[in-house]
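> sequence unknown, structure follows:
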């Protein structure tokens, strides 16, 4: 996660060449509107349009769209919860819209060890993955102690997605950066705590939060679990909500919360979820 410094101070004076050009045009009877951009300005963010959900684009498998899970991990927690986390990477030059994610906990024979009534949070959807972006995904699942001891591996599968141009004129595809703002209120070994963070976004409205993906790492940086926080704080997707906090439970015992990665999921407000016959996403 990167920290973006504030924009540089803008000079109140126009450079002489601009002044000359405006005076010359005025003498010729031409009216010109001049806007001086500072070096830190983003021209695409100067105007906020209504975000558009590209639902007319056909879905394809995430692998064909060059999406992959770059790393993953899991841990049993102090209770009956198995915590799972991973990083989804977009290796293409297109944005990925509404990517399905399925978490699987399997035994040695490859069959699922999760009871169907406990699997709701194992089906999720990432609204947007921008080109080159790394997105945190996580889930917790309740399991019987015998089933936990029988875990052979955990899998994070990527399903259907829509590969579309990452048009910055559409606020849906403008970058959103999350930065941890410590200190956290928990240390390694605790099962619960609070994560404080800030969000830098376009400031555009018309977007709605669809959850917060959380990935936990241990002191050495290895992923040891994750979670989906289903909150919907006001202004989080626009970056106008100020300091943010999420409360986390069932944290893996070896997790260092100061190393947590957070991704805020944002989609177009008022647009219904996909219902394509697959298990509906929890978010």
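Arrived safely, thanks for sending. Keep in mind that this is a model prediction, so the values were computed, not measured.
> what bits of the stretch 1-150 of the chain have low per-residue confidence?
1-46 (pLDDT under 70).
> And the strands in it?
All strands of the stretch 1-150 of the chain, identified by DSSP state E, counting those that start in this stretch, fall at 60-61, 67-76, 81-90, 95-106, 123-129, 134-142.
> Make JSON lines out of those strands and add mean neighbour count and distance to residue 165.
Every residue, glycine included, has its C-beta placed from N, CA and C. Shown next, in JSON lines, are these (neighbours: other CB atoms under 10 Å; distance: least, CB to CB, whole Å):
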{"stretch": "strand 60-61", "mean neighbour count": "12", "distance to residue 165": "15"}
{"stretch": "strand 67-76", "mean neighbour count": "18", "distance to residue 165": "16"}
{"stretch": "strand 81-90", "mean neighbour count": "25", "distance to residue 165": "13"}
{"stretch": "strand 95-106", "mean neighbour count": "23", "distance to residue 165": "7"}
{"stretch": "strand 123-129", "mean neighbour count": "24", "distance to residue 165": "12"}
{"stretch": "strand 134-142", "mean neighbour count": "25", "distance to residue 165": "19"}
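> Any chance of those in JSON lines with distance to residue 247 as columns?
What follows is these, written out as JSON lines (distance: least, CB to CB, whole Å):
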{"stretch": "strand 60-61", "distance to residue 247": "35"}
{"stretch": "strand 67-76", "distance to residue 247": "19"}
{"stretch": "strand 81-90", "distance to residue 247": "15"}
{"stretch": "strand 95-106", "distance to residue 247": "21"}
{"stretch": "strand 123-129", "distance to residue 247": "19"}
{"stretch": "strand 134-142", "distance to residue 247": "14"}
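> which residues sit in contact with residue 195?
180, 184, 214, 245-246, 248, 257, 260, 262 (CB atoms under 8 Å, 6 or more residues apart in numbering).
> do the same with residue 266
Here residue 266 is in contact with 127-128, 172, 176, 201, 207-210, 236-237 (criterion: CB under 8 Å, 6+ apart).
> Top of those by number of neighbours, please.
Neighbour counts for the contacts of residue 266, by other CB atoms under 10 Å, peak at residue 237, which reaches 29 neighbours.
> Determine the three-state secondary structure at that residue.
In three-state terms, and counting by DSSP: H, G, I helix; E, B strand; the rest coil, residue 237 is coil.
> my read: it touches residue 212, true?
No - assessed by CB atoms under 8 Å, residue 237 is found out of contact with residue 212, at 10.8 Å.
> Now do the shared contacts for those two.
residue 264.
> circling back to that earlier point, which one, of the strands of the stretch 1-150 of the chain, ends up nearest to residue 225?
Across these, residue 225 has its closest neighbour in strand 81-90 (2.9 Å, CB to CB).
> counting contacts, what elements does the closest one pack onto?
With contacts defined as 3 or more CB pairs under 8 Å, 6 or more residues apart in numbering; DSSP states H and E, strand 81-90 has these neighbours: strand 67-76, strand 95-106, strand 123-129, strand 134-142, strand 153-158, strand 207-217, strand 223-229.
> possible to save these as a markdown table with distance to residue 270?
As requested, the helices and strands packed on strand 81-90 are arranged in a markdown table below (distance: least, CB to CB, whole Å):
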| stretch | distance to residue 270 |
| --- | --- |
| strand 67-76 | 26 |
| strand 95-106 | 15 |
| strand 123-129 | 14 |
| strand 134-142 | 23 |
| strand 153-158 | 26 |
| strand 207-217 | 8 |
| strand 223-229 | 22 |
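> got a list of what the nearest residue to residue 271 once chain neighbours are set aside touches?
Once flanking residues are discounted, residue 271 sits nearest to residue 53: 4.5 Å by CB to CB, 6 or more residues apart in numbering. The neighbours of residue 53, taking CB under 8 Å, 6+ apart as the test, are 97, 172, 267-268, 271.
> got the end-to-end distance for stretch 107-120?
Stretch 107-120 has an end-to-end distance of 19 Å (CA to CA, to the nearest Å).
> My error: substitute stretch 151-169 in the last question.
Using CA to CA, the end-to-end distance of stretch 151-169 comes to 46 Å.
> Buried ones in that stretch, by neighbour count?
Under the neighbour-count criterion of 16 or more other CB atoms under 10 Å, stretch 151-169 has 151, 154, 156, 158-164, 166 buried.
> Show me which of those is closest to residue 85.
Among the buried residues of stretch 151-169, and counting by CB to CB, the member closest to residue 85 is residue 156, at 8.7 Å.
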